[in-house]
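Colleague: Task: produce atomic coordinates for the following.
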Amino acid sequence: MNQNSYISGRATISMDRYVRQVLLSQIGEEGQRALHDSSVAIIGCGALGSSIAEHLTRAGVGTILVVDRDFIELSNLQRQHLFTEMDVGEPKAETAETKLKAINSDISITGIVDDITSRNVEHYIQDRTLVLDGTDNLDVRFLLNDACNKNKIPWIFGACVAVHGMSMNIQPEGPCLRCLFPQIPPRDSIPTCDTVGIMNTLPTIVSSIQSTEAIKYLVSGQLDSGLLVVDVWERDVRTIDVSQRKNCPCCVDHIYESLDVRAPSATILCGRDAVQVRPPFEMSLSLDSLAESLSSRGFVKRTPHILFFTRDTQTFSIFSDGRAIIKGTNDVKEAQSLYEEYVEKYAKEK
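Modeller: Residues are numbered from 1 along each chain as shown. Just a heads-up that it's a prediction; the model follows:
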């Protein structure tokens, strides 16, 4: 075997690729082997998730799963540097998989286009060494918090909006996200990138912190608690102690409320003037056939993974699993009615 390579688990890894990392006293060859033998799940592939995925891919984490429900829009390119103009309209998770495999072919990378719900969250995180949060809403984060605590998997929370960001490492023993946020605030009280904007350097900073903490944990098993808060505009960085709440339903009482909640059939996507509608049954949907059926009723654009359909003021983004994002309305009932008329009637139940 070449002196610039070594065996880690099931594969021979080139030392040359990671030489600058192996030179670090905090990592070394043993740490690099630990990275290669680790398996992480990144939930969400927007500004945070795509950056985390790239960091961990380049660092040589052996198995990476990326799950995201959305597709790339032009407005994403301001801060989601893994994607380009050529990717607009394509699913984030599958596009990320292709690009990350071109960066590092030594590791296993899988991108899944799916919506994280109480039905599937445990499937995606099971047997992972670590879970990383790249989502953009507290509902999914509460779900991750419950699922990771139940399965005794550490996870790293991250969030950013405007010029403010935060990150928190969460161990199964707590404190957890419910210690920080006992309840989900009202939807219209939470600022989002779509309502107040975002500085494009902020996700890079927060995702770098999350990625560094991930590498530290995968190498050493150490995961420090505390909430790290960043104001990128004022150059202010501080760590705030988070105490475990004595009556925390998650990390103290191990009552997993989010896992017991069935995902609603339609969800308003905050700040996007859009509603996501899930199919009422497991369906078989041919996007090619649907495109043909809808061509006389509006403008149709077909990509390899998504069908876009525009009529009047609404644009449908329809996925092969029957899920659709309807842009141009915040009315759940209207979105469900439109879904039934333009999607469900053409689908067949499996």
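Colleague: Going by C-alpha atoms from here, please, whenever you check contacts or count neighbours.
Modeller: Fine.
Colleague: The longest helix along the chain packs against which elements?
Modeller: The longest helix of the chain (DSSP state H) is helix 202-220. Applying 3 or more CA pairs under 8 Å, 6 or more residues apart in numbering; DSSP states H and E, we find helix 202-220 packed against helix 28-36, helix 47-59, strand 130-133, strand 155-161, strand 164-170.
Colleague: Now these in a markdown table, please, with extra columns for mean neighbour count, distance to residue 238 and mean pLDDT.
Modeller: Shown next, in a markdown table, are those (neighbours: other CA atoms under 10 Å; distance: least, CA to CA, whole Å; pLDDT from 0 to 100):
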| stretch | mean neighbour count | distance to residue 238 | mean pLDDT |
| --- | --- | --- | --- |
| helix 28-36 | 21 | 28 | 96 |
| helix 47-59 | 24 | 20 | 98 |
| strand 130-133 | 25 | 20 | 98 |
| strand 155-161 | 24 | 15 | 97 |
| strand 164-170 | 23 | 10 | 98 |
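Colleague: can you count the residues close to residue 196?
Modeller: A total of 11 residues lie near residue 196 under the criterion other CA atoms under 10 Å.
Colleague: Identify the residues contacting it.
Modeller: 161, 162 (CA atoms under 8 Å, 6 or more residues apart in numbering).
Colleague: quick one: it from residue 163, how far?
Modeller: Using CA to CA, to the nearest Å, one gets 10 Å for the distance from residue 196 to residue 163.
Colleague: do you know which of the helices and strands packed on helix 202-220 lies nearest residue 320?
Modeller: Closest approach to residue 320 among the helices and strands packed on helix 202-220 is made by helix 47-59 (22.6 Å; CA to CA).
Colleague: going on from that closest one, what's the next piece of helix or strand?
Modeller: Counting by DSSP states H and E, the next helix or strand C-terminal to helix 47-59 is strand 63-68.
Colleague: can you give me the offset of stretch 285-294 from its chain's centre?
Modeller: Relative to its parent chain, stretch 285-294 has a centroid offset of 28 Å by CA atoms, centre = their mean, to the nearest Å.
Colleague: can you list the residues that contact it?
Modeller: The contact list for stretch 285-294, computed with CA under 8 Å, 6+ apart, reads 300-302, 306-307, 309, 318-322, 342-343, 346-348.
Colleague: now, among those, which is nearest to residue 20?
Modeller: Each of the contacts of stretch 285-294 was scored against residue 20 by CA to CA, and residue 306 proved nearest at 40.3 Å.
Colleague: Enumerate every residue touching that closest one.
Modeller: Listed by CA under 8 Å, 6+ apart, the contact partners of residue 306 are 89, 90, 91, 287, 317, 318, 319, 320.
Colleague: For it, give its distance to residue 318.
Modeller: Residue 306 sits 6 Å away from residue 318, going by CA to CA.
Colleague: With residue 23 instead?
Modeller: Residue 23 is 48 Å from residue 318, where distance means CA to CA.
Colleague: Among the two, which residue is more densely surrounded?
Modeller: Higher neighbour count among residue 23 and residue 318: residue 318, with 24 against 11, using other CA under 10 Å.
Colleague: Quickly find the element holding that one.
Modeller: strand 314-319.
Colleague: Tell me which helix or strand comes right after that strand.
Modeller: Counting by DSSP H and E, what follows strand 314-319 is strand 324-327.
Colleague: Show me which residues of the helix or strand following that next one are buried.
Modeller: As assigned by DSSP H and E, the chain's next helix or strand after strand 324-327 is helix 332-342. Neighbour-count burial for helix 332-342, counted by 16 or more other CA atoms under 10 Å, picks out 332, 335, 336, 338, 339, 340, 342.
Colleague: Output helix 332-342 as CSV - backbone C-alpha positions only.
Modeller: Extracted C-alpha coordinates of helix 332-342, given in CSV (Å, rounded to 0.1, in the frame of the first residue of the first chain):
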residue,chain,number,x,y,z
VAL,A,332,-55.0,26.2,2.4
LYS,A,333,-58.5,25.4,1.2
GLU,A,334,-57.9,27.1,-2.1
ALA,A,335,-54.6,25.2,-2.5
GLN,A,336,-56.3,21.8,-1.7
SER,A,337,-59.1,22.6,-4.2
LEU,A,338,-56.5,23.4,-6.9
TYR,A,339,-54.6,20.3,-6.1
GLU,A,340,-57.6,18.1,-6.5
GLU,A,341,-58.5,19.7,-9.8
TYR,A,342,-55.1,19.8,-11.4
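Colleague: could you say what helices and strands it packs with?
Modeller: strand 266-269, strand 274-277.
Colleague: Just the mean pLDDT for it, thanks.
Modeller: The pLDDT scores in helix 332-342 average 93.
Colleague: any idea how far that helix is from the chain center?
Modeller: 27 Å.
Colleague: Equivalent analysis for stretch 158-166, please.
Modeller: Chain-centre distance of stretch 158-166: 15 Å, with CA atoms, centre = their mean.
Colleague: Just the CA atoms of that stretch, as PDB, please.
Modeller: Taking Å, rounded to 0.1, in the frame of the first residue of the first chain, the C-alpha atoms of stretch 158-166 are listed here in PDB:
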ATOM      1  CA  GLY A 158     -28.600  25.900  13.300                       C
ATOM      2  CA  ALA A 159     -30.700  28.900  12.100                       C
ATOM      3  CA  CYS A 160     -30.100  32.300  10.500                       C
ATOM      4  CA  VAL A 161     -32.200  35.200   9.300                       C
ATOM      5  CA  ALA A 162     -31.400  38.800   8.400                       C
ATOM      6  CA  VAL A 163     -27.900  39.300  10.100                       C
ATOM      7  CA  HIS A 164     -28.500  37.100  13.100                       C
ATOM      8  CA  GLY A 165     -27.600  33.400  13.400                       C
ATOM      9  CA  MET A 166     -27.400  30.700  16.100                       C
END
